[in-house]
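*Asks:* need coordinates for the below:
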Amino acid sequence: DNGPEQNCPPAGICEKADTNPQRPVEGPGSAGPLRGRKRDIYEGGHRVPGIVSYPAEVVGGNHVSWETVTTMDFLPTVMEVLSVERPEKQRSWAFDGRSILPLLRDPDSFKWRDTEKGPRGIGIGYYDIKLHTENGWGYRFGRWKYVEGSTSCKVSDCQKSQLFDLETDLGERHDLSSEYPYILAHLKLKFQDWHESVLKSRIEESNCRRKDLSLPGSIGLVDADISDG
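*Replies:* Below you'll find the predicted structure:
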């Protein structure tokens, strides 16, 4: 776990995170060098290590992989292990997760970006599907991360659209949105597609039939093209 829900306003950077990541002064627990704490859109709000023990597939001793895995991946992984499909009436429903069996079978060299579906694309949001910068929202695509607002964010600098390169800046300290506006635009478009899919599921595929859900004003119709590299 990444600690209790004691966040680090005004910009999500815990006071001691750079010099003493073992214990930020804001509360017990630690997100290490990551920005934010529990439920922040920043990596410290949700990124934790995971351990898998599956001798039938993970062989050759211990391995370490930095590929992203989420709880959404559990269902498709179990389904592949059991060789089962979704019920016919649910096969048109959105399905965000991916089976991690390929990763477990080749943890040392497997990369999502090399698969047919390409880099992982993951929307991020908490509390409610109706978006506002007080809680924030974001989208991860391969090495790139789009963030707009967060629980720890109390100032305008982090309430605007931000872009981070997690391969070189895991702590999300350097906003690259002005240097790579086309990448930011692409991630906003991907977030829009993902969020609209979530709204569709909420309205058409569950008992939560809310009609008052919409995209925030900063998410416009944009078009761009990037790759993970």
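*Asks:* give me the pLDDT for the closest residue to Leu101 other than its chain neighbours.
*Replies:* Leaving aside its chain neighbours, Leu101 sits nearest to Glu80 (5.4 Å; criterion: CB to CB, 6 or more residues apart in numbering). (C-beta placed from N, C-alpha, C; glycine too.) Listed pLDDT for Glu80 reads 95.
*Asks:* and if you look at the one 3 residues further on?
*Replies:* Residue-level confidence at Ser83 comes out at 95, pLDDT.
*Asks:* the helix or strand where the residue nearest to Leu101 lies: which residues count as buried?
*Replies:* Using DSSP states H and E, Glu80 falls within helix 74-82. By neighbour count on 16 or more other CB atoms under 10 Å, the buried set for helix 74-82 is 76-77.
*Asks:* now what about the helix or strand that that helix is followed by, what contacts it?
*Replies:* Per DSSP H and E, the first helix or strand lying C-terminal to helix 74-82 is helix 101-105. Helix 101-105 has contacts (CB atoms under 8 Å, 6 or more residues apart in numbering) with 52, 54, 57-58, 65, 67, 69, 77, 80-81, 110, 115.
*Asks:* which of the residues you listed are buried? Put it as a ChimeraX command.
*Replies:* Here is the ChimeraX selection string for the buried members of the contacts of helix 101-105, based on 16+ other CB under 10 Å:
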select :65,69,77,110
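*Asks:* may I see the contacts of helix 101-105 organised as TSV, with secondary structure added?
*Replies:* Listed next are the contacts of helix 101-105 as TSV, based on DSSP: H, G, I helix; E, B strand; the rest coil:
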residue	secondary structure
Val52	coil
Tyr54	coil
Glu57	coil
Val58	coil
Ser65	coil
Glu67	coil
Val69	coil
Thr77	helix
Glu80	helix
Val81	helix
Phe110	coil
Thr115	coil
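*Asks:* for Arg105, see how far away the residue nearest to Leu101 is.
*Replies:* Distance, Glu80 to Arg105, by CB to CB, to the nearest Å: 11 Å.
*Asks:* so the residue of the chain most remote from its centre is in which element?
*Replies:* Distance from the centre of the chain peaks at Gly60, with 29.8 Å (CA atoms, centre = their mean). Assigned by DSSP H and E, Gly60 falls within no helix or strand.
*Asks:* and if you look at Ser109?
*Replies:* Per DSSP H and E: nothing holds Ser109, as it lies in no helix or strand.
*Asks:* longest helix of this structure, counting residues only.
*Replies:* Criterion DSSP state H: the longest helix present in the chain is helix 181-204.
*Asks:* any buried residues in that one, and which?
*Replies:* The neighbour-count check on helix 181-204 (16+ other CB under 10 Å) flags 183-192, 194-195, 199, 201-202 as buried.
*Asks:* good, wrapping up.
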